[in-house]
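>>> no FASTA, just this:
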């Protein structure tokens, strides 16, 4: 033996103090997201969570986020997190409506709540309780993962002046909104993202719905369809973080708190990021393409959409008691929340418009 | 020597692994807030930061939050954090307008941005850059600390039908809004919070401004003044976290990241908490006091307020180049942001109102 006792003990102690992060075993997780890893703002929350978790844990908790370009299964996220291939996922809850229709409530529903109303329902009413109840059957934890705000109603090549104008219209619009349009006679189609611009340009479709100015501008739709309709169908689309329950339960209390706080921060942040991106993109679109016309569907068309939407939701509620219960919770809260939105934000913007006139 | 080498080394290693939190010295901070420590939602962000920081750091970073009932210096927070008596503070930036008028931009200004617009300016435009620039002279760091959303214009005993109705009106309203009202002939007074209800009830004052339903309901103003005016003067009041720079610089990288993330989460959360509280309180007020009338100031009155506000801001800008620069940054961003707010959230709520008719 070359070294004395004191030296060895001191060396062991110094090594541990100098690298406290190494004292505990480093936790390494993988996250799969539905989007390409470069598609901001949707890809921002997973990137931010990975960064914050690493920084806050001093490198003892590492999350590697993979985009769809890597795992090739954009709509397999829930299954992969449930199965444990990935400890985490980032996606949209309403993609799982085929597995459980109640998942739609944690994204958005037609004529539903705004972002502020919905976050208030999630965190200060019954939202999180129901969110977890629905995801318990998949053995995953689910958390808000970023909001787009009000999504625009889509790009149309022709103006919609009456319900008749919807009949036979070829439109790309997924989800419940697509079901509503189908009830009104629209020929609803699904087309891969990469083919949308060409399809709209060549008239293979007459209209499409995407997100809002911040994301739409990258797709170029404003160059080939002059009518930009305001939103009704996705008033506050929330993304989701999925976490495998067994993996979560193995985390230390510190890592659990770090992960939860990082997810909550990243989720709030995506809303601000997309808001700023939309403000800037809309300014740019208007300047470069002054012929773009923002239109709101005429009230009779909106009334028909609302009736079709109510009918659709009532149909699901009749078949599924959990859906019925969550729908009632949202509608009860929305009634109170909307009354407040109207006398606060809505009235303030109304005032600001009147002052410009 | 009683023990062999291997035992001693192993014992030292086990002791360190078992208590990693104790390996580093525990950081203990104190936070002073302007409000009583029970006054939600304003007191919620400091409480949440203290809780999250302790949990995420595994007890190696402890923040003790003190309300004004303890430190007795609600408007001394900036000085106490600057001087190092407290490492942190929670307050409202516009309370320091006597020290530097540019501090107002980090709370709200009359006819300014909404909550979403302002957070987008903070985080995805130049807001944080200017915020830190203004607070550099105090040697403190400043971070968003929670938003109230649109504040209501206040409780009035009589209706305001014309500018003449403002002349000689006795009203409690602080800050820039008070300066605007003073320009329009209002007799602006300041009265301690504890005397406000009695003053309004007995007619010592004719009107007062507080926050919004969630906080106003605890004060009982709705029982003694029937007219509840919509807001124009504080469209998105942001609270602030103050951090002593020297104390911050001594933190480990992990503790810095933990503190920043906790503050950002707590700030987003206060907005949701207050939104939910206002939705519930407004429902309760309307039910218990059906005679409350929500009113918006007539357009000529609002135009006079806007002109007085513009004049006031232009006056400060003429005297202070930094104020001028930040005002221009806010107004440039607000113009783009408002255009987006109008075609997204505003239009959606307008649609929802039209569908009810």
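Perfect, I can see it now. Here the structure is a predicted model, which is why all the values come from computation and not from measurement.

>>> Touching, residue A:248 and residue A:142? I think so.
No - applying C-beta atoms under 8 Å as the test, residue A:248 and residue A:142 come out as separate, 11.2 Å apart. (Each C-beta comes from the backbone N, C-alpha and C, glycine too.)

>>> Mind checking which of these two has more residues around it?
Taking other C-beta atoms under 10 Å in any protein chain shown, residue A:248 and residue A:142 do not tie; residue A:142 has more neighbours (25 against 17).

>>> Which residues does that one form beta bridges with?
Bridge pairing for residue A:142 (DSSP bridges) gives the partners residue A:242.

>>> Was I right to think it contacts residue A:93?
Yes - between residue A:142 and residue A:93 there is a contact under C-beta under 8 Å: 7.0 Å.

>>> Please identify every residue contacting each of the two.
A:106, A:240 (C-beta atoms under 8 Å, 6 or more residues apart in numbering or on different chains).

>>> all strands of chain A, in order?
A:27-33, A:61-66, A:88-92, A:140-147, A:154-156, A:170-172, A:187-189, A:207-208, A:227-229, A:238-244, A:293-295 (DSSP state E).

>>> Out of these, which gets nearest to residue A:195?
Nearest of the strands of chain A to residue A:195, taken as C-beta to C-beta: strand A:170-172 at 9.6 Å.

>>> Which strands or helices does that closest one pack on?
strand A:187-189, strand A:207-208 (3 or more C-beta pairs under 8 Å, 6 or more residues apart in numbering or on different chains; DSSP states H and E).

>>> Take these and lay them out in a markdown table including distance to residue B:293 and mean pLDDT.
Output for the helices and strands packed on strand A:170-172, formatted as a markdown table (distance: least, C-beta to C-beta, whole Å; pLDDT from 0 to 100):
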| stretch | distance to residue B:293 | mean pLDDT |
| --- | --- | --- |
| strand A:187-189 | 46 | 97 |
| strand A:207-208 | 43 | 98 |
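
>>> So which of those is nearest chain B?
Nearest of the helices and strands packed on strand A:170-172 to chain B, taken as C-beta to the nearest C-beta: strand A:207-208 at 17.3 Å.

>>> Quick check: the residue nearest to residue A:210 when sequence neighbours are not counted vs residue B:351, distance?
Once flanking residues are discounted, residue A:210 sits nearest to residue A:216: 5.0 Å by C-beta to C-beta, 6 or more residues apart in numbering or on different chains. To residue B:351, residue A:216 is 20 Å away according to C-beta to C-beta, to the nearest Å.

>>> same check, this time on residue A:148
When distance is defined by C-beta to C-beta, residue A:148 is 18 Å away from residue B:351.

>>> mind listing what the residue nearest to residue A:340 when sequence neighbours are not counted touches?
Spatial nearest neighbour of residue A:340, excluding adjacent residues (C-beta to C-beta, 6+ apart): residue B:279 at 4.4 Å. Neighbouring residues of residue B:279 by C-beta under 8 Å, 6+ apart: A:117, A:120, A:333, A:336, A:337, A:339, A:340, B:213.

>>> Am I right that the last one is in contact with residue B:152?
By that I understand residue B:213. Yes - between residue B:213 and residue B:152 there is a contact under C-beta under 8 Å: 7.4 Å.

>>> got the contact list for residue A:147?
Per C-beta under 8 Å, 6+ apart, neighbours of residue A:147: A:115, A:118, A:119, A:236, A:237, A:238, A:239, A:267, A:270, A:271, A:274.

>>> What residues are bridge-paired with it?
Assigned bridge partners for residue A:147, using DSSP bridges, are residue A:238.

>>> any low-confidence regions in chain A?
A:1-24 (pLDDT under 70).

>>> Quickly list the domain ranges of it.
Split into domains by automatic domain parsing, chain A comes to A:23-147+A:237-276, A:151-233+A:291-319.

>>> distance of the nearest residue to residue A:262 once chain neighbours are set aside from residue A:342?
Nearest residue to residue A:262, sequence neighbours excluded (C-beta to C-beta, 6+ apart): residue A:52, at 4.0 Å. For residue A:52, the distance to residue A:342 equals 36 Å [C-beta to C-beta].

>>> got it, and residue A:61?
Distance from residue A:61 to residue A:342, counting by C-beta to C-beta: 44 Å.

>>> Check residue A:93 too.
Going from residue A:93 to residue A:342 by C-beta to C-beta gives 27 Å.

>>> Between the two, which has more neighbouring residues?
Neighbour count, other C-beta under 10 Å: between residue A:93 and residue A:342, residue A:93 has more, with 26 against 18.

>>> quick one, what contacts that one?
Taking C-beta under 8 Å, 6+ apart, one finds A:103, A:104, A:105, A:106, A:107, A:142, A:238, A:240 in contact with residue A:93.

>>> Can you tell me which of the residues you listed is nearest residue A:181?
residue A:104 (16.0 Å).

>>> Tell me, how many residues neighbour the residue nearest to that closest one when sequence neighbours are not counted?
Excluding the flanking residues, the one nearest residue A:104 by C-beta to C-beta, 6+ apart is residue A:94, at 4.5 Å. Counted with other C-beta under 10 Å, the neighbours of residue A:94 add up to 21.

>>> Distance of the residue nearest the centre of chain A relative to residue A:72?
Centroid-nearest residue in chain A, with C-alpha atoms, centre = their mean: residue A:239, separated by 2.5 Å. For residue A:239, the distance to residue A:72 equals 20 Å [C-beta to C-beta].

>>> Helices along the stretch 1-150 of chain A, start to end?
Along the stretch 1-150 of chain A, counting by DSSP state H, counting those that start in this stretch, helices occupy A:5-18, A:20-23, A:44-56, A:68-71, A:77-83, A:115-124, A:127-136.

>>> Which residues are in contact with residue A:73?
Per C-beta under 8 Å, 6+ apart, neighbours of residue A:73: A:32, A:80.

>>> Next, the contact list for residue A:31, please.
By C-beta under 8 Å, 6+ apart, residue A:31 lies in contact with A:46, A:49, A:50, A:63, A:64, A:65, A:66, A:86, A:87, A:88, A:89, A:90.

>>> Show the buried residues in those.
By neighbour count, with 16 or more other C-beta atoms under 10 Å in any protein chain shown, these hold A:46, A:49, A:50, A:63, A:65, A:86, A:87, A:88, A:89, A:90 as buried.

>>> Return the set of residues that bridge with residue A:90.
Counting by DSSP bridges, residue A:90 is bridged to residue A:33, residue A:241.

>>> which residue sits closest to residue A:264 in space, ignoring its chain neighbours?
Closest residue to residue A:264 apart from its sequence neighbours, by C-beta to C-beta, 6+ apart: residue B:265 at 4.9 Å.

>>> Let me know whether that neighbour touches residue A:261 as I believe.
Yes - the criterion here is C-beta under 8 Å, and residue B:265 meets it with residue A:261 at 5.3 Å.

>>> Which residues are in contact with each of those two?
With C-beta under 8 Å, 6+ apart as the test, residue B:265 and residue A:261 both reach residue B:52.

>>> Now do the contacts for residue A:302.
Listed by C-beta under 8 Å, 6+ apart, the contact partners of residue A:302 are A:232, A:296, B:351, B:354, B:355.

>>> check contacts around residue A:174.
Taking C-beta under 8 Å, 6+ apart as the test, what residue A:174 contacts is A:190, A:209.

>>> cool, the one 5 residues further on as well?
In this structure, residue A:179 makes contact with A:188, A:312, judged by C-beta under 8 Å, 6+ apart.

>>> gap between it and residue A:110?
Separation of residue A:179 from residue A:110 (C-beta to C-beta) stands at 9 Å.

>>> State which one residue of the stretch 101-250 of chain A is found closest to chain B.
As assessed by C-beta to the nearest C-beta, chain B sits closest to residue A:124 within the stretch 101-250 of chain A, at 3.5 Å.
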